[in-house]
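Chemist: Sequence first, predicted model second:
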Number of protein chains: 2
Amino acid sequence: MQSQFEPASGTRDFLAAEFEEREQAFGIIRSVFQRYGYEPLQTPAFERLDVLLGKYGEDGDKLVFKILRRGEHEASGEADLALRYDLTVPLARVAAAYEGRLPSPYKRYAMGPVWRADRPGRGRFREFVQCDLDTLGSTSLLADAEAVSAQHDALAELGIGDFTILLNSRHVLSGLLEAFKVPAGLGTGVLISLDKLDKLAPGEVVAELTARGLSEGQAGDLVTTMTAPDAVDRIRVVLKPSEAGVAGLDEVDGLLALVGPQVPPGRIAFTPRMVRGLSYYTGPIWEVVAPGVPGSIGSGGRYDHLIAQLGGPDVPATGSSLGIERILALRPSSSALQRGRLDVAVTIMDEDLAAASFGLAAAARSAGLRASVYLGASGKLGKQLKWAGDQGARWCLIYGHREQEAGLVKVRNMLTREESDVPAADLASYLTLAAD
Amino acid sequence: MQSQFEPASGTRDFLAAEFEEREQAFGIIRSVFQRYGYEPLQTPAFERLDVLLGKYGEDGDKLVFKILRRGEHEASGEADLALRYDLTVPLARVAAAYEGRLPSPYKRYAMGPVWRADRPGRGRFREFVQCDLDTLGSTSLLADAEAVSAQHDALAELGIGDFTILLNSRHVLSGLLEAFKVPAGLGTGVLISLDKLDKLAPGEVVAELTARGLSEGQAGDLVTTMTAPDAVDRIRVVLKPSEAGVAGLDEVDGLLALVGPQVPPGRIAFTPRMVRGLSYYTGPIWEVVAPGVPGSIGSGGRYDHLIAQLGGPDVPATGSSLGIERILALRPSSSALQRGRLDVAVTIMDEDLAAASFGLAAAARSAGLRASVYLGASGKLGKQLKWAGDQGARWCLIYGHREQEAGLVKVRNMLTREESDVPAADLASYLTLAAD
């Protein structure tokens, strides 16, 4: 492809096959989310700049695509609008805008593109789809359980065979810091280091922890406990004396009990070392991992004060997000979608017969089939049959003067090459039966 | 709504009911277009600035939303990307990018938002959806007929009862200029004035035409012919001696013959005064009007050199576009979509029973129903029944300790208020039957 015709860096054109594969996946996710009673919300592609800036930290602000002011202000080079960076800040704005008019709790899902001025790379785009569900206004653990369970069902219905939901709670992490007597000021840093236990060797994490100011003994104990084969059992014991720790275990166990009947054993696991980078979580947190995929294919958690921080009302909230671009890459491609553009290809044997042939295509469409007449200039049957084949058509209709005189249509099965003469008036019902 | 929480000027938030109404309409259109063998194409929200600028005329260029350069260039106030202004320029880019790899002819549809920095007003938005179908690479009148017919079917299936397709041809207009001996330099201006015959009095149009340089006699003849009760018959006679005129009549009559069996009489009418503003049309042109709607709800035509002018390959092309935002406003709202967020609302009678109740919601979902547990803090049945009613639920499930002991679920029909005791194990099949 010549570079001047490529889509802008970090964006993609989706031609038919890929578009349909994506739409099919979005349709599955939408239908799962709706079954859980989440309702759709669609917000504009851009927001006023002040709605977005300051919400994503300094690094995030730099990745916001800003839109130049219009008209006489254009020369100033200032921006007053920006493309949305995620679906959460627009949710906070909507929660503020429609406060009192939204159902309570407000369970919504949103699926749509977001834009980030990130350096494009393998699997990293400047335009990509996010797929979120959130419940605002409920402190119930049932709301967290719905978020986990709906995410699980979506992945299962998408045909992702092998994935695990790693479950933890911010209160478990607080309890751990308390139990291991980590000084208050070091807590965040310690958690950041613990989060690396899935990538780094235990010794490396110990070194990080001591560099952060833990004693060798503390760091060693902490890492030994977290990486032991029976880590979960040990941590349950360690957390007993901590109020936060007990509350965290209750959250985790409560959630496991709620989703247990829906989520098969082995698909969800209490994972005390799992931290999640984002500091705004306040309760249960989870991350979905799949073999061979770096990072996660989904995540979620409770974030009870974030909506207020983002400019919305101060409501408790919980939700989950699917890493849909990664998930799409994992899905087996659906052969059903590759079956071609047309079911029925209609030849044009003579200009005189064009209107009649156009009518045959209409009859096929009335049977719910995809049908088109030949739009090329050649009257040759061979060339038109080749076109029918290229279109992946299951049948080709041939209607020449001989067929016209007999009141028939020749229906050619493109697979078997068998041809049947069908009375023109019966075409729609013939094709309806044949398509079953 | 406080103004700081409103969406940016000219854009809209779509909450559940409106979103679903729009999606339903888009789904209908998509399925009609697919039945005609048009395949989907989705291009990014933004393009490189040079792809867009210079393609829409000076006025259009001003309405393109430009995106500020990133990183160290941001301070320069320059833009290097821009939001797409329509779906045609991206089509031209794709046609160039994938030349030789796209099917020929390439029949594609595209539905998605476009952005224009227009002054927002009643029914005029800065973010709105376009809905186009186009065929590249065919000179056949059948391709034009498909574009008309697919547009007709989409409007009919959307339930738009009353609309008319005004059909004309650029060649008819050329023939008229020739027949009335309009000097070559005045042609465009004369057509612009004739286009106003649906809004202005004949005398006003005559005045415009003479101001443009036609003689009083010429202008009077032209307007008299165009506005006569038998205008179409008169024009057919007038065009006879003109080669362009005859070609135009052949196009119009050919198209009417092709779509005749599909498009009911009275739904399409040869309308010689219909000009369409856009200068790039080269063959048949059409416009769809509906009573009480200013302007058109759809349009289309053949534009054989535009794709090359827009930076694509030099291919013949024809297509049509639905004015979907106006059409959505015309549609009767679908009561089926208002039926509520939930089919099944599940009460939580006791914290002990939360997991079991969560499981009942899952059972309802396995029957394909929308189900959610109560996420509020109140244990009171009355409050939970009110919630179930607010959700528009058809059934409310009640599962307290009494039901638990008996192995039953109380299923309350929210409409009749009847309650049935259903064995817990039979719930899914009971609801499946009840939902039919």
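Modeler: Received the coordinates, thanks.
Chemist: Residue of chain A closest to chain B, please.
Modeler: Using CB to the nearest CB, residue A:77 is the residue of chain A that sits closest to chain B, at 1.6 Å. From N, CA and C alone the C-beta is placed, and that goes for glycine too.
Chemist: How about that residue, nearest residue that isn't a chain neighbour?
Modeler: In this structure, residue A:77 finds its nearest non-sequential neighbour in residue B:77, 1.6 Å apart by CB to CB, 6 or more residues apart in numbering or on different chains.
Chemist: For that neighbour, give me its contacts.
Modeler: Residues in contact with residue B:77, defined by CB atoms under 8 Å, 6 or more residues apart in numbering or on different chains, are A:68, A:75, A:76, A:77, A:78, B:68.
Chemist: for residue A:158, same thing?
Modeler: With CB under 8 Å, 6+ apart as the criterion, the residues that contact residue A:158 are A:25, A:28, A:29, A:327, A:331.
Chemist: From residue B:33, how far off is the closest residue to residue A:15 other than its chain neighbours?
Modeler: Spatially, and ignoring its direct neighbours in sequence, residue A:15 is nearest to residue B:41 (6.3 Å; CB to CB, 6+ apart). Using CB to CB, to the nearest Å, we find residue B:41 at a distance of 11 Å from residue B:33.
Chemist: Flag every residue of the stretch 101-250 of chain A that's near chain B.
Modeler: Within the stretch 101-250 of chain A, the residues that sit near chain B (CB under 8 Å from any CB of the partner chain) are A:102-103, A:105, A:107-108, A:113, A:115, A:117, A:127, A:135, A:137-143, A:145-146, A:149, A:153.
Chemist: What about those residues, which are in strands?
Modeler: Filtering these for membership in strands, criterion DSSP state E, returns A:107, A:108, A:113, A:115, A:127, A:135.
Chemist: Now do the buried residues in stretch A:21-36.
Modeler: Residues A:21, A:22, A:25, A:26, A:28, A:29, A:30, A:32, A:33, A:34, A:35, A:36 are the ones in stretch A:21-36 that count as buried (16 or more other CB atoms under 10 Å in any protein chain shown).
Chemist: Contacts for it, please.
Modeler: Outside stretch A:21-36, the residues that touch it by CB under 8 Å, 6+ apart are A:14, A:40, A:107, A:109, A:111, A:129, A:131, A:133, A:146, A:149-150, A:153-154, A:157-158, A:322, A:324, A:327-328, A:331, A:333-334, A:337, B:40, B:365, B:368-372.
Chemist: per-residue confidence averaged over that stretch?
Modeler: On average, the pLDDT along stretch A:21-36 is 95.
Chemist: longest helix of chain A?
Modeler: The helix that spans the most residues within chain A, counting by DSSP state H, is helix A:16-35.
Chemist: Looking at the ones in strands among the residues of the stretch 101-250 of chain A next to chain B, spot the one nearest residue B:7.
Modeler: Residue B:7 lies nearest to residue A:108 out of those, by CB to CB, at 15.5 Å.
Chemist: ok, for the closest one, nearest residue in space, not its chain neighbours?
Modeler: residue A:41 (4.5 Å).
Chemist: Test my guess that the one you found contacts residue A:94.
Modeler: Yes: the pair residue A:41 / residue A:94 is scored as a contact, 6.3 Å apart, by CB atoms under 8 Å.
Chemist: shared neighbours of those two, anything?
Modeler: By CB under 8 Å, 6+ apart, residue A:41 and residue A:94 have these common neighbours: B:13, B:15.
Chemist: Give me the below-cutoff pLDDT ranges for the stretch 251-400 of chain A.
Modeler: Residue ranges of the stretch 251-400 of chain A with pLDDT under 70: A:278, A:333-339.
Chemist: Show me where it has its helices.
Modeler: Here the stretch 251-400 of chain A has its helices, by DSSP state H, counting those that start in this stretch, at A:306-309, A:324-330, A:354-366, A:381-390.
Chemist: what's residue A:349 in contact with, if anything?
Modeler: A:357, A:379, A:381, A:398, A:399, A:400, A:401 are the contacts of residue A:349 under CB under 8 Å, 6+ apart.
Chemist: do residue A:94 as well
Modeler: For residue A:94, the contact set (CB under 8 Å, 6+ apart) comprises A:41, A:43, A:102, B:5, B:13, B:15.
Chemist: please redo it, this time with the cut-off set to 7 Å
Modeler: Residues in contact with residue A:94 (CB atoms under 7 Å, 6 or more residues apart in numbering or on different chains) are A:41, A:43, B:13.
Chemist: Which one of those residues is nearest to residue B:210?
Modeler: residue B:13 (51.1 Å).
Chemist: Was I right to think the closest one contacts residue B:7?
Modeler: Yes: applying CB atoms under 7 Å, one finds residue B:13 in contact with residue B:7, separated by 5.2 Å.
Chemist: Of all residues in chain A, which one is nearest the centre?
Modeler: With distances taken as CA atoms, centre = their mean, chain A has residue A:324 as the residue nearest its mean C-alpha position (2.8 Å).
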